[in-house]
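Enquirer: Generate coordinates for the sequence data below:
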Amino acid sequence: MSNRFPPPAGACRNRGFTLLELSVVLVIIGLIVGAVTIGKDVQRNAAYQRIASEFVQGWAIGYDTFWTNNGIVIADNPSNPTGMVNAATATPLCTTNLRAAMQAAGVAMPAGRAEGSETRAVYLDSHGVPQELAICFENVNWSIPGATPGSYVVRKRNVMTLTGLTPSMAKLLDSHFDGRVDARFGKLREQSAAANTGTASIAWSQNEPATDESQSPTMNAYLLMNE
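Expert: Numbering: from 1, shown residues only. Here you go, the predicted model:
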């Protein structure tokens, strides 16, 4: 005779999850993780767009306002204008000197990182690591179309120098100002490609790292000013 008896009515049976139940749970977890990742990407992209429109574009507007109000580019020689920032080539106007020139002219500056640090902005890279973007103005070598179609020559131009650009930030700014991503052509160029007289497009020199544990590399760029 068997000693096994059926469980009392209403008693719960202990059993594991079925394969179907486990699959459903895994799908739900995947959807949640995907939604969180997409949410972070959307939030980060929105922050990058704000830096492009409020910080970088804000400084470009401030530069133009200085020229409109004073008839010279920022920190040029008012008695003998050269048309060059700082009245010199390859002499950046940055931080306290830039702030002092803007304040003396009564030109508003973007908020930046904080009061006293208007030339800097902080953002998170694609792996959530804080990065600092800083701007200066200077006069540098810049390639422009030459007299012969398809040729390029180097001339001096006033630019905004941007340091601390991650690949994602650089490419977003490039698309924002030029409508396409190209380190060689357009108003925004990678620093090393600004005076390149070749005819071929050049990719930005850095890409985001493949692993999440790695910090994003940074690059420098020039944004061409209107004057």
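Enquirer: In the chain, what residue spans correspond to helices?
Expert: 19-50, 57-70, 95-104, 167-178 (DSSP state H).
Enquirer: Reformat these as JSON lines; add mean neighbour count, distance to residue 77 and mean pLDDT.
Expert: Heads up, the C-betas are built off the backbone N, CA and C, glycines and all. What follows is those, written out as JSON lines (neighbours: other CB atoms under 10 Å; distance: least, CB to CB, whole Å; pLDDT from 0 to 100):
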{"stretch": "helix 19-50", "mean neighbour count": "11", "distance to residue 77": "36", "mean pLDDT": "68"}
{"stretch": "helix 57-70", "mean neighbour count": "18", "distance to residue 77": "12", "mean pLDDT": "97"}
{"stretch": "helix 95-104", "mean neighbour count": "16", "distance to residue 77": "13", "mean pLDDT": "97"}
{"stretch": "helix 167-178", "mean neighbour count": "20", "distance to residue 77": "29", "mean pLDDT": "96"}
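Enquirer: In JSON lines: these, plus distance to residue 161.
Expert: Listed next are the helices of the chain as JSON lines, based on distance: least, CB to CB, whole Å:
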{"stretch": "helix 19-50", "distance to residue 161": "19"}
{"stretch": "helix 57-70", "distance to residue 161": "11"}
{"stretch": "helix 95-104", "distance to residue 161": "11"}
{"stretch": "helix 167-178", "distance to residue 161": "13"}
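Enquirer: Which residue is the nearest non-sequential neighbour of the most centrally placed residue in the chain?
Expert: Centroid-nearest residue in the chain: residue 169, 2.7 Å away (criterion: CA atoms, centre = their mean). Leaving aside its sequence neighbours, residue 169 sits nearest to residue 48 (CB to CB, 6 or more residues apart in numbering; 5.9 Å).
Enquirer: Quickly note the distance from the residue nearest to the centre of the chain to residue 192.
Expert: Distance of residue 169 to residue 192, given as CB to CB, to the nearest Å: 17 Å.
Enquirer: Residue 72 too?
Expert: Taken as CB to CB, the span from residue 72 to residue 192 is 30 Å.
Enquirer: the more surrounded of those two?
Expert: residue 72 (19 against 16; other CB atoms under 10 Å).
Enquirer: Torsion angles phi and psi at that one?
Expert: phi -140, psi 160 (degrees, to the nearest 10).
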